[in-house]
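A.B. asks: Task: produce atomic coordinates for the following.
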Amino acid sequence: MLKNNLINKLDYRVDSAGIDCSVLVTDNHENILYQYNADKIFPSASLIKIIIARYALEYEKRDSTFMDQMILVDPDNIERGAGVIRGLWNHKWKVHDLMYLMLNASDNTATNELIKYFGLHNLSNWTESHYTNVEIKRYMMESSPKDNLINLNEFIRPWRELFDSNSKVSYTIKEALRHSLNKDKLPGLISEIPFSGITYNKTGELSNAEHDIARFVKDDVFLDCAVLTGFKSENERVKCINFIQNVGLIVAKSL
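C.D. replies: The predicted structure is shown next:
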């Protein structure tokens, strides 16, 4: 009954929105409760940072102390877009801090420093060998003919794997996602319920895309929800954000 109700509400929202989108909702038993265009490939925007975090779990198996290693960040290599490092005086960072900033504040400088640390080639090969039609091919904000790509059918796997791990790296990742500085999309309207649980989320945006993935947790039950949207004009951006917010509200209400 819950699944049918959720399907009806989300179908109506998808149909009435009339936008280019992909939606996937799964429960804590990995059952698919709802999917729409979940195999469609979109540019990933900052959601690719989840893949980098997932790779960090693999890296931890080889070096359990890597999160304590220090990275010197050249002040001339501060990236545009999201981030807080540009306004801070510190130029020497632990890998742990860069990981937290990448996910919590979606910091592009932190992300690119981690890509350098792990190696873009290593990240790219590992991702292609583990997930179908998920690709990491470039640094954040880099002009390149190659793009970072995801589809929800595959992207939900590394998202779940981050939560399933009980390692030290996973703890940092989950704390960063729980306290994400950008909760205005999928969790954006849950204060209207109000929602008594907790949320974890990672958002992403480009000039032609608005994305978000979130876990809604209440008591011992959770739902994972991901939405990808694409548009051709800036006027459509608000429409896409509103759509994502309403999907999040529907999912949160179902718990």
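
A.B. asks: pretty sure M141 is in a helix, no?
C.D. replies: No - going by DSSP: H, G, I helix; E, B strand; the rest coil, the assignment for M141 is coil, not a helix.

A.B. asks: Check whether it really touches D107, as I assumed.
C.D. replies: No - using Cβ atoms under 8 Å, M141 is not in contact with D107, being 11.5 Å away. Yep, even glycine has a C-beta here, placed from its N, CA and C like the rest.

A.B. asks: which of the two has more neighbours?
C.D. replies: Of the pair M141 and D107, D107 is the one with more neighbours under other Cβ atoms under 10 Å, namely 28 against 14.

A.B. asks: hang on, isn't that one packed against L101?
C.D. replies: Yes - with contact defined as Cβ under 8 Å, D107 counts as touching L101 (4.0 Å).

A.B. asks: Now do the helices in this protein.
C.D. replies: Ranges of helices in the chain, per DSSP state H, are 2-17, 48-62, 95-104, 108-118, 120-130, 152-164, 168-178, 237-253.

A.B. asks: ok, and what's touching the shortest one?
C.D. replies: This means helix 95-104. With contact meaning Cβ atoms under 8 Å, 6 or more residues apart in numbering, helix 95-104 is reached by 49-50, 52-53, 56, 66-71, 83-85, 107, 110-111, 113-114, 117, 169, 172-173, 175-177, 179-181, 202.

A.B. asks: Stretch 114-131 now?
C.D. replies: The contact list for stretch 114-131, computed with Cβ under 8 Å, 6+ apart, reads 51-52, 55-56, 58-59, 71, 95, 98-99, 102, 134-140, 154-155, 157-158.

A.B. asks: Same question for stretch 16-29.
C.D. replies: 6, 10, 14, 32-38, 40, 42, 151-153, 156, 221-231, 236, 239-240, 243, 247, 251.

A.B. asks: What subset of the residues you listed is buried?
C.D. replies: 6, 10, 14, 33-38, 40, 42, 151-153, 156, 222-231, 236, 240, 243, 247, 251 (16 or more other Cβ atoms under 10 Å).
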